[in-house]
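S.K.: coords please:
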Amino acid sequence: MPTPEDYVAGALVANAVAWIITGLVEVPLLVGVLLYALGSVLAGFLVARKAKDEIFWKVGLKSGFGAFVLHMFVNTAVEIVMSVVTWTLMAHLIVLATLLLGSVFGALLFSLARRGGVAKRG
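M.R.: The predicted structure follows:
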């Protein structure tokens with residue numbers, strides 16, 4: 001069973017990929033969404049490693065939702081400090097869907113690898 005610290009670490013991983021690259025290089029929204037997807041798949045996979053018998057999609061949803069909460073917390077703090085609106089509501093909803101689906105997919109990948117489903121089919 002993953003601990004709350006595991007979910008926080010997963011949230012940081014899911015967001016860190018996009019934050020680091022977009023902090024270094026200005027990227028369009030689509031590339032940013034792909035970076036969030038990459039980070040959330042990695043986070044879902046890593047958090048699912050800690051889940052012994054928990055259902056993979058529950059772990060993925062918890063991980064993805066935690067990542068979105070962290071994303072909103074940091075983005076809101078930046079908007080308050082800078083007194084500007086940096087993201088639209090639609091962009092936040094796209095990131096929410098990306099983080100949720102990516103984390104569930106990452107947890108599914110670990111579930112398949114753990115059961116040997118990938119090796120049996122390949």
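S.K.: Could you use CA atoms for every contact and neighbour count after this?
M.R.: Will do.
S.K.: From the centroid of this protein, which residue is nearest?
M.R.: Residue closest to the mean C-alpha point of the chain, counted by CA atoms, centre = their mean, is residue 40 at 2.7 Å.
S.K.: What sits closest to that one if chain neighbours are left out?
M.R.: Of all residues not flanking residue 40 in the chain, residue 14 sits nearest, at 4.3 Å (CA to CA, 6 or more residues apart in numbering).
S.K.: List the contacts of that neighbour.
M.R.: 36, 37, 38, 39, 40, 41, 42, 43, 67, 99 (CA atoms under 8 Å, 6 or more residues apart in numbering).
S.K.: what's the distance between stretch 10-18 and the middle of its chain?
M.R.: For stretch 10-18, the distance from its own C-alpha centre to the chain's C-alpha centre is 6 Å (CA atoms, centre = their mean, to the nearest Å).
S.K.: Would you mind putting the CA coordinates of that stretch into PDB?
M.R.: C-alpha atoms of stretch 10-18 as PDB (Å, rounded to 0.1, in the frame of the first residue of the first chain):
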ATOM      1  CA  GLY A  10       4.700  10.800  -7.600                       C
ATOM      2  CA  ALA A  11       3.000  14.200  -7.800                       C
ATOM      3  CA  LEU A  12       6.400  15.900  -7.900                       C
ATOM      4  CA  VAL A  13       7.700  13.500 -10.600                       C
ATOM      5  CA  ALA A  14       4.600  14.000 -12.700                       C
ATOM      6  CA  ASN A  15       5.000  17.800 -12.600                       C
ATOM      7  CA  ALA A  16       8.800  18.000 -12.500                       C
ATOM      8  CA  VAL A  17       9.300  16.800 -16.100                       C
ATOM      9  CA  ALA A  18       7.100  19.500 -17.500                       C
END
